[in-house]
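*Asks:* The sequence and its predicted three-dimensional model are supplied below.
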Amino acid sequence: MFAPPEAHPLDMETFHSQISMPYTLTPGRAAGTFLAEMPNRRIVGSRFPDGTVVAPAQDFSSTDGEEPEELVQVPETGELTAFTRVDGNVIGLIRLDGCANDFAHRILADLGDLSVGMRVAAKWDDTDETSIMAISGFVPDADAPVGEVKGLVGPAEPLGVIDYSMSLDYQHSYGPYYGRMFDEIREHGRVMGVRTSSGDDALLPPREVDDVTHKRTGTWKACADTGTIRACSIINMEFFGLTREVPYVYAEVVLDGASTRMIHVIEIDDLETAKKNIKPGTRVRAIWTDGERKGRVSDIERFEVIED
Amino acid sequence: MSLPRTGIIAATQTQLRPAWDSAQHIDLISAVVTDVFKGTGLTLDDVDFIIDSGSDVLDGRSISNCGFLGALGAHHKEEARVEEDGLWAALYGVNKIRSGSASVGLIVAYSKPSESENIDLYWSSMVEPFYQRPVGFGQKAALGIQAQRYLDAHGIGDADLADLVAKRWAAAAQNDRVAIDAGPDAAAVLASGEAAAPLTDLMVSRPVDGAVAILLGTEDIASRLGRSPVIISGMGTSMETHAFSARTAGGLDSVANAAKMAGDRAGWAAAEADVVEISGSSVVGELLALEALGLADAGKGMDAAMSDKVNRSGGALPADPIMATGLVRLGEAYRQLTQAGSGSPSRAIVHGTGGVAMQTNCVFALEV
Amino acid sequence: MGHEVGIVGVGQTHHARRRTDVSQAGLVREAVDRALADAKLSMDDIDTVVIATGPVLFAAVNQPEKWVVDAIGAQGKSVVRLTSGGGAGFAGALAGYYQVAGGYSDRTLVVAYDKLSEGQLQYSISTLYDPFWGREFAVGIMGFSAAYWRARMDVLGHTEEAAAMVAAKNRTNAIANPYAHVKKEVSVEDVLNSRPLCWPIKLLDVPPISDGAAAIVLSNEKKAHHSTSTPAWIRGIAYCCEADNAPERSLMLSEPLAIASKKVYRSAGITNPRRQFDVVEVQEPYSCFELNYYESLGLCPPGQAADLVASGATQLDGDIPVNPSGGCMGANPIGAVGVIRLIEAATQIMGRNESHQIKDAKTALVQSGGGWANLRGCAVLSA
């Protein structure tokens, strides 16, 4: 068993990164109708050709993919069939009256007071939200009458989309190689890579094993903060997540002494001049931040064209 | 038509740790890709293709294989990413070799769940976003309900579960492939926090960081290593419905399906195996898997679980490198089949799983 | 050698900018229903299923096959998902191909999709970049693709005008494609005069953002005749890669595509691609890429792609039509595109292409790919 390098990169612990985005998700007809009916305090289910009813409504049977015949209104009462508690919330499976499946939702009661087979009823939240959380959960209700599945009279138009967001946070490890590189950037304002397994040019970012030969890389070396554009484009459109004003140049720069790219930006005045002056082969220089260096690529604020 | 048989040439892994905070993904990956060739007489030049398993959500990057190709040794080779446990990547690799289009393939799986600030998001993003996600129905809730039903149906107490968990941790602590200082005893298992009642934290598999690599080859090449090769003689996989509540309560039908597929090809049933390496997402999941494999009747999984042939490595409970766990089991079974002096086992069953409450399952049959 | 593998049924959705009437899972169902009907089969006849999509971040569902499985009625079957960015569909087809060729299944359904209206396309692709090294300055895939083109522009003569010819050709071809959703005749001048987005890429060099799914049924030689008397046999298929930031990486010829095509041509008996292929379908996420493929696939020598497109050879009535379907310019549900290209090529071989049937097409070439243009594959289909 091979152990990766154990060395810790000086005092750099982890690198925080966040991926966070808005979404517009389409629920489809069944779930779209279900959600649209939440403010009306109606629970929508699907009736399949064999007569079985499931809730919440599905466009396709969970057992075989069959499509339902119609959407129906199901009772908001039923029996608790299973339960657990996660992070303090009791989650249960509820068999709504007249349904052939179990509905997963919150149970608003203490775990110790629950038993399988107990009668429960929906507790509606005081909200007009088109969300399944318009039902805050189900509460034990020993006297809840047994409800019946009914036709869905005057169904609401299914929601076409719902707003959604997802945010993921990471603490990425530097490892010994990135750790050394970013420490050098922060402490000394220089970009260091490791030589390829067989040549003198440095790999940026550095790593233990050469991407091409899969052999151990060589010794460390400092690269210059001048370099040559290998590829570039002029960014002139705005989209979610873009953090600077357009137009500007996206450049893949090979620093002198290195063999692989650093991705960075070059500020420009206008598109037409940039087309002529900034191209593959153009010589550029890194402009470091005047402020405190943090040990990131963005400690280099931008690159500038080296005038002849 | 008779297609070539496929064997395992070598297997290796990094140590599995709660957090490999001194290494990046590429460090773990390149470590196993370098190591797997030792003693085989082969080099990366002999490898025709690479199939890898990892998760964009765990890695914090899209198309994460794309940034790891160099570490994988894949430069200028055929490469594919299976976004499922590595045992499914191995299934792909076996098919490719059996088709006759390749002789040697490298299978790699890895993960660093420690880098996710909230690992629960990996699971909650897996359930559909309209009904289940908002109410908090995800991996833990499903495992809890699965366990509650199992205990109720069979009159088993949580102390029995704790004994099994302690046994698994003790087994894992026997080798240096899993980082464990001292395994918890049954009391400590019961005293650990609540994961999803009735399961405590230690009754749910522990996410760990690590990487694993398996070298596959035609039987001919596997045989050149000078001893009887380990042959993959059967494979099967099956995915159940997304709706946890619509699955058979108290059983894992997809494990049974996968085991039948593998058994039909191999010509023998899982119960005949000398070595069984399975991936339970929880201690009850492990019992259900053993029952579905046919090693025990419903509710009697504990008897099989306590047998010496099952999860000698400790299984997934003490060390679950999500996306790599099943492939680690394949490596463990390979090691047990090839180790001298362990009772000369000749058949092994390997199991991998994925999804909420083990929605999808994969079974391999191995023999020497 | 393994089993022969043929495409015996195909189906795709009518792609759209945004489908608000179906979920991701429902979208997949539409393509699957069509492919199964086309193959005269039901899900019961399918042994195994391969699902392919682009990155999870496109639509906020992790491992979406575990949700989609219910919509296609594949519960209990062998189901696995492949992903490979833009080439996901092709990578899925390749995995399905080996399931059949390697004897794991007799019939495999491959379905690929993306519902791009649900997320933030360019931003989610920016997360392809190393979070430490480059993501701070990433501009989706368009910034990179434009830069990659710029590197070739002067050296190989892949001019703005040559790319505009590709865009105009494909956009015009898409008008007849019943599954396309962008159907507008544009001229080379229109493309050249369109707004620069990531120069040299301009608005009309860019395909639409689409919701769509596509499915194929693969069968071995024993069972193919149940579905069709004219399967499109896969004579060779491969998908190769290169390390994204390798010191020797050429931005000129696509080395992984050249390696894949060499391998595929050898197994398919192709020695003169320009002459032997009757039709070609390529995945051109931006117009400039098609020029690169001409050279990397050996349809012309390096540096002559601009001449090839200018000669009209790749037009519908040329000697080697490329993208008679309109390619990505008519619809671009990214993860599905690899399968869409296979479908368009397969139906040419079967003599029933719905966009522009090339007369007597017998042998077709399909290209697909993804990542930082570093995952590249191709396949040869013939009767």
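*Replies:* Nice, thanks for sending it over. Residues are numbered from 1 along each chain as shown, chains lettered A, B, ... in the order given.

*Asks:* nearest spatial neighbour of the residue in the stretch 151-300 of chain A that chain B sits nearest to, skipping sequence neighbours?
*Replies:* The stretch 151-300 of chain A approaches chain B most closely through residue A:211 (2.6 Å), counting by Cβ to the nearest Cβ. From N, CA and C alone the C-beta is placed, and that goes for glycine too. In space, residue A:211 comes closest to residue B:70 once its chain neighbours are excluded; the distance is 2.6 Å by Cβ to Cβ, 6 or more residues apart in numbering or on different chains.

*Asks:* quick one, phi/psi of that neighbour?
*Replies:* phi -60, psi -50 (degrees, to the nearest 10).

*Asks:* give the contact list for it.
*Replies:* Under the criterion of Cβ atoms under 8 Å, 6 or more residues apart in numbering or on different chains, the contact partners of residue B:70 comprise A:207, A:209-212, A:214, B:26, B:30, C:243-246.

*Asks:* Next: residue C:279.
*Replies:* Residue C:279 makes contact with C:320-322, C:324, C:345, C:348, C:358, C:361, C:364-365, according to Cβ under 8 Å, 6+ apart.

*Asks:* Which of those residues fall within helices?
*Replies:* Judged by DSSP state H, the subset of those located in helices is C:345, C:348.

*Asks:* Redo the contacts of residue C:279 as JSON lines? Include distance to residue A:291 and neighbour count.
*Replies:* Conversion of those to JSON lines gives the following (distance: Cβ to Cβ, whole Å; neighbours: other Cβ atoms under 10 Å in any protein chain shown):
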{"residue": "C:320", "distance to residue A:291": "57", "neighbour count": "21"}
{"residue": "C:321", "distance to residue A:291": "57", "neighbour count": "22"}
{"residue": "C:322", "distance to residue A:291": "52", "neighbour count": "29"}
{"residue": "C:324", "distance to residue A:291": "56", "neighbour count": "27"}
{"residue": "C:345", "distance to residue A:291": "56", "neighbour count": "31"}
{"residue": "C:348", "distance to residue A:291": "60", "neighbour count": "28"}
{"residue": "C:358", "distance to residue A:291": "62", "neighbour count": "20"}
{"residue": "C:361", "distance to residue A:291": "63", "neighbour count": "22"}
{"residue": "C:364", "distance to residue A:291": "58", "neighbour count": "27"}
{"residue": "C:365", "distance to residue A:291": "54", "neighbour count": "30"}
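
*Asks:* Contacts only, for residue C:253.
*Replies:* Contact criterion Cβ under 8 Å, 6+ apart gives C:292, C:295-296, C:302 as the residues in contact with residue C:253.

*Asks:* For it, what are phi and psi?
*Replies:* In this entry, residue C:253 is assigned phi and psi values of phi -70, psi 150 (degrees, to the nearest 10).

*Asks:* mind checking how far the closest residue to it other than its chain neighbours is from residue C:302?
*Replies:* Excluding the flanking residues, the one nearest residue C:253 by Cβ to Cβ, 6+ apart is residue C:296, at 5.2 Å. If you measure residue C:296 against residue C:302 using Cβ to Cβ, to the nearest Å, the figure is 9 Å.
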